[in-house]
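Participant: structure for the following, please:
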Amino acid sequence: MACKPSVEFSIDGHTLTIIEADGENTTPLVVDSLQIYAGQRYSTVLTANQPVGNYWIRANPDAKRGVPGFDGGRNLAILRYVGAQTADPTTSQIPNFNPLKETNLHPLTDTAAPGQPLVGGADVALSLNLSFDDDTGYSINSVPYELPSVPILLQILSGAQSAQDLIPPGSIYALPPNKVIEINIPGLTMGGPVSSR
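Facilitator: Numbers count the residues shown, from 1 in each chain. Reported below is the predicted structural model:
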C-alpha cells in the first residue's frame with residue numbers, strides 16, 4: 001500500500017458527482033475524472049444524460065505500477081445505454097478539464113474536530129516516552145518490548161476482559177470510549193545525549 005499505485009478513472013462524455021469520500025459524505029462535487037490511490041474510496045453519481053450509445057469506461061493505472069493504455073481493450077469497460085447496439089464504443093478519450101482536486105472536497109456536515117483546540121485540550125493525554133537499552137532493547141514508559149506468548153486478539157477472544165488481563169503486563173493501555181485521546185511521543189536520541197560539538 002505504501003508504493004502509491006493509482007488509477008485514473010473516467011467515462012467518456014460523462015461527468016461524475018462525488019457524494020462521499022472514505023466514509024465521509026461530501027458536498028456534491030462534479031468532476032470528469034478521479035485519480036484514485038490505494039485504499040481510497042469514493043461514491044459517485046453518474047447521470048446518464050448522453051445520446052443512447054456505448055461509452056468507454058477508463059481505469060488507467062500509474063505507469064510505474066501497472067500497464068497503462070487501452071490497447072486491445074486493456075483498462076476498459078463499457079457503459080451501454082438501454083437501446084444501444086451491442087458493439088464496442090467509438091468514443092474517444094478527451095482531455096479532462098475538471099479532474100478531482102481533493103482540496104475541493106468538503107464534508108457535507110461540519111462535525112468539527114473533537115476536543116479543545118489547544119495543546120492539552122484532549123480528554124486524555126498519554127505520553128509514550130521511548131528509550132533504548134543494549135540489553136533490553138526498546139522500552140516505552142520503562143516497559144521493555146516483550147513478544148506476547150499468545151496473540152492479543154486471541155487473548156481477548158479467550159476471555160480477557162481488561163487491559164490488566166492481557167500479557168505481557170504493562171504493554172497495553174486502556175482508553176475510554178468516545179473520548180479525545182492526545183498521544184505525545186517525544187523524540188528518541190540513539191547512543192546517549194546529543195553532543196553540541
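Participant: going along the chain, name the helices of this structure.
Facilitator: With helices called from DSSP state H, the chain shows them at 152-157.
Participant: all strands for it, in order.
Facilitator: Chain-ordered strands for the chain, with DSSP state E as the definition, fall at 6-11, 16-21, 24-31, 34-37, 42-46, 54-61, 76-80, 124-127, 130-133, 137-140, 143-144, 181-184.
Participant: quick one: strands adjacent to the shortest one?
Facilitator: When you say that, I think you mean strand 143-144. Strand 143-144 has its sheet partners listed here by DSSP bridges as strand 137-140 (antiparallel).
Participant: quick one, domains of the chain?
Facilitator: The chain breaks down into these domains under automatic domain parsing: 6-104, 124-184.
Participant: and of these, who's closest to Pro114?
Facilitator: For these, the distance to Pro114 is smallest for domain 124-184, at 4.4 Å, taking C-beta to C-beta. C-beta here means a position set from N, CA and C on the backbone, and glycine is covered the same way.
Participant: what about the closest one, start to end distance?
Facilitator: Terminal residues of domain 124-184 are spaced 11 Å apart (C-alpha to C-alpha, to the nearest Å).
Participant: so how far is that domain from its chain's centroid?
Facilitator: When distances are taken as C-alpha atoms, centre = their mean, to the nearest Å, domain 124-184 is centred 25 Å away from the chain's centroid.
Participant: likewise stretch 95-115?
Facilitator: 14 Å.
Participant: how close does the closest residue to Arg41 other than its chain neighbours get to Ser131?
Facilitator: Of all residues not flanking Arg41 in the chain, Asp22 sits nearest, at 5.5 Å (C-beta to C-beta, 6 or more residues apart in numbering). According to C-beta to C-beta, to the nearest Å, Asp22 stands 36 Å off from Ser131.
Participant: follow-up on the earlier one: just give me the neighbour total for the residue nearest to Arg41.
Facilitator: 11 (other C-beta atoms under 10 Å).
Participant: swap in Pro148?
Facilitator: Counted with other C-beta under 10 Å, the neighbours of Pro148 add up to 13.
Participant: I'd assumed Ile167 was in contact with it.
Facilitator: Yes: using C-beta atoms under 8 Å, Pro148 makes contact with Ile167 at a distance of 5.8 Å.
Participant: what sits in contact with each of those two?
Facilitator: Gln155 (C-beta atoms under 8 Å, 6 or more residues apart in numbering).
Participant: picking that back up, of all the strands of the chain, which one is nearest Glu102?
Facilitator: Taking the strands of the chain one by one with C-beta to C-beta, strand 16-21 is closest: 7.9 Å.
Participant: many thanks, we can stop here.
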